[in-house]
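Chemist: Starting from these lines, generate the structure:
(2 chains)
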Amino acid sequence: KAGVTQTPRYLIKTRGQQVTLSCSPISGHRSVSWYQQTPGQGLQFLFEYFSETQRNKGNFPGRFSGRQFSNSRSEMNVSTLELGDSALYLCASSSDGQSYGYTFGSGTRLTVV
Amino acid sequence: QKEVEQNSGPLSVPEGAIASLNCTYSDRGSQSFFWYRQYSGKSPELIMFIYSNGDKEDGRFTAQLNKASQYVSLLIRDSQPSDSATYLCAVARGATNKLIFGTGTLLAVQP
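Modeler: Now for the predicted structure:
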């Protein structure tokens, strides 16, 4: 059974640009959550999508957005990149809305220069 | 005050000893509690979850929850060098996938 797949693994962008990250959940999983991990702040919740609807949202500015498609694949977009957006972006999937813990992907390492 | 607090460590224990990792949380509405392990350069992996007060055992791991004290811990028996990693505590309010993570405790098991 394939795990959570995130692409790309590494990304270098220039300040002011925008970026789109992709996440394919485990087959059959309908919930996809996104996290930002930095050395200083640790793992911070961005948002969760369930059956194409955003169900939970963290405390990030509107530059951070996401969506989920009918096949449960999810994308996260960050516009007008700032240096502070450099981080590891992790996607996690679970089978439903119940909090039994989820499986993380390997992450996308974003560097903003 | 952070919502989930952990001692950053490093916590150093000899091989074969019991490692005790602790976590406190501030939201009394928290109902689900998780422990994740993260090796350097890797993504977090779920070790255990606990919902009820008391102990929950899974192999060498025991999670302990005390909601009155807003405290959750993870005990690792017979620690092995392969257990050396950062251990992340996470809590959720209700049956939700919005997890709030602590910053993690670095565990180093000395051979």
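Chemist: What ranges does chain B have for its strands?
Modeler: B:4-5, B:11-14, B:19-25, B:30-38, B:45-50, B:54-58, B:61-66, B:71-76, B:85-93, B:99-101, B:105-110 (DSSP state E).
Chemist: TSV please, covering those and showing distance to chain A.
Modeler: Glycine gets a C-beta too; all of them are placed from N, C-alpha and C. Below are those laid out as TSV (distance: least, CB to the nearest CB, whole Å):
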stretch	distance to chain A
strand B:4-5	9
strand B:11-14	17
strand B:19-25	12
strand B:30-38	4
strand B:45-50	4
strand B:54-58	12
strand B:61-66	12
strand B:71-76	14
strand B:85-93	5
strand B:99-101	4
strand B:105-110	11
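Chemist: Adding mean pLDDT, distance to A:Thr80 and mean neighbour count, write those strands out as CSV.
Modeler: Shown next, in CSV, are those (pLDDT from 0 to 100; distance: least, CB to CB, whole Å; neighbours: other CB atoms under 10 Å in any protein chain shown):
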stretch, mean pLDDT, distance to A:Thr80, mean neighbour count
strand B:4-5, 95, 30, 20
strand B:11-14, 97, 40, 14
strand B:19-25, 97, 34, 21
strand B:30-38, 94, 30, 22
strand B:45-50, 93, 33, 18
strand B:54-58, 96, 45, 12
strand B:61-66, 97, 42, 18
strand B:71-76, 97, 38, 20
strand B:85-93, 94, 30, 23
strand B:99-101, 93, 26, 23
strand B:105-110, 97, 34, 18
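Chemist: Quick check: which of those strands is nearest to A:Val78?
Modeler: With CB to CB as the criterion, A:Val78 lies closest to strand B:99-101 of the strands of chain B, at 20.1 Å.
Chemist: Which strands border that closest one, and is each parallel or antiparallel?
Modeler: strand B:85-93 (antiparallel) (DSSP bridges).
Chemist: quick one, the partner strand and strand B:61-66 angle?
Modeler: 40 degrees (axes from the mean of the first three to the mean of the last three CA atoms, to 10 degrees).
Chemist: Export the strands of chain B as a markdown table, with columns for distance to A:Gln18.
Modeler: Putting these into a markdown table (distance: least, CB to CB, whole Å) gives the following:
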| stretch | distance to A:Gln18 |
| --- | --- |
| strand B:4-5 | 31 |
| strand B:11-14 | 41 |
| strand B:19-25 | 35 |
| strand B:30-38 | 28 |
| strand B:45-50 | 31 |
| strand B:54-58 | 43 |
| strand B:61-66 | 41 |
| strand B:71-76 | 39 |
| strand B:85-93 | 30 |
| strand B:99-101 | 26 |
| strand B:105-110 | 35 |
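Chemist: So which of those strands is nearest A:Thr38?
Modeler: Nearest of the strands of chain B (CB to CB): strand B:99-101, 11.8 Å.
Chemist: List of residues touching the closest one?
Modeler: The contact list for strand B:99-101, computed with CB atoms under 8 Å, 6 or more residues apart in numbering or on different chains, reads A:33, A:35, A:42-45, A:99, B:3-4, B:25, B:27, B:34, B:36, B:88-92.
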